[in-house]
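S.K.: just the structure for this:
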Amino acid sequence: MALVQPLSSVPAVSSAGGPRPAAAAAGAPAILDIEASGFGRDSYPIEVGYVLPDGSSFCSLIRPARHWTHWDPAAEQVHQIHRETLLVHGRLVTEVAQWLNDQLHGLTLYSDGWAHDYPWLGALYEEAGLVPGFRLDNLRSLLTEVEARDWYATKQAVSNELGLTRHRASADARLLQRTLLRLREPGRDP
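M.R.: Now for the predicted structure:
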């Protein structure tokens, strides 16, 4: 996939702590995930989250721009974020985009939903009038064929172990990072 150089719960922003996986410092990629208002062409980002190689994370709800009106109830069923929650607790588009630039400058982050996350990230930055200071790449580019083959089963096992009940941006990013780390554990049977 082409790379473009320019590219929580209710609280609008959180630096989720919690125990950091011991293996995180040893080659874990930075992962970004975006939740959106829908799945179609007029959808827009409503939450962005990431987890860095050291296990630190960030998540923010995004207040929709005035002209961002598309809302898909099917997407809401997945992420469980209500539009009203965004209007009350979401941060301004410019604030989120600037925060991401400040925190992620020069990094490459990976997304398992690159084909969706990339345009949503583009919509965020276009609305903010900014250019991303980091790159977004497809998580698949990091996987060997064996890792790709075992991805979904491993992801489900890790999800079950973590007891994840929410489909939210930073939780999803952490799940993806830990899945990759699990696939790369020494002595793992290919």
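S.K.: quick check: Ile34 touching Tyr44?
M.R.: No - taking contacts as C-beta atoms under 8 Å, Ile34 lies outside contact range of Tyr44: 9.7 Å. Any C-beta I mention is one placed from the backbone N, CA and C, and that applies to glycine too.
S.K.: which one of those two has more residues nearby?
M.R.: The neighbour count for Ile34 versus Tyr44, taken as other C-beta atoms under 10 Å, is higher for Ile34 (26 against 22).
S.K.: which helices and strands sit right next to the biggest helix by length in the chain?
M.R.: In the chain, with assignment by DSSP state H, the single longest helix is helix 145-162. Under the contact criterion of 3 or more C-beta pairs under 8 Å, 6 or more residues apart in numbering; DSSP states H and E, helix 145-162 touches helix 169-183.
S.K.: model confidence over the helix it packs on, on average?
M.R.: Averaged over helix 169-183, pLDDT sits at 95.
S.K.: rewinding a little: touching the longest helix of the chain from outside, list them.
M.R.: Helix 145-162 is contacted from outside by Arg140, Leu143, Arg174, Leu175, Leu176, Arg178, Thr179, Leu180, Arg182, Leu183, Arg184, Pro190, using C-beta atoms under 8 Å, 6 or more residues apart in numbering.
S.K.: OK, contacts around the spatially closest residue to the third one that is not a sequence neighbour?
M.R.: Translated: Arg174. Leaving aside its sequence neighbours, Arg174 sits nearest to Val51 (C-beta to C-beta, 6 or more residues apart in numbering; 4.8 Å). Contacts for Val51 (C-beta under 8 Å, 6+ apart) come out as Ala30, Ile31, Ser57, Ser170, Ala173, Arg174, Gln177.
S.K.: now neighbour count and distance to Ala123 too, for the residues you listed, in CSV please.
M.R.: Below are the contacts of Val51 laid out as CSV (neighbours: other C-beta atoms under 10 Å; distance: C-beta to C-beta, whole Å):
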residue, neighbour count, distance to Ala123
Ala30, 18, 21
Ile31, 27, 20
Ser57, 23, 22
Ser170, 25, 20
Ala173, 28, 19
Arg174, 27, 24
Gln177, 26, 24
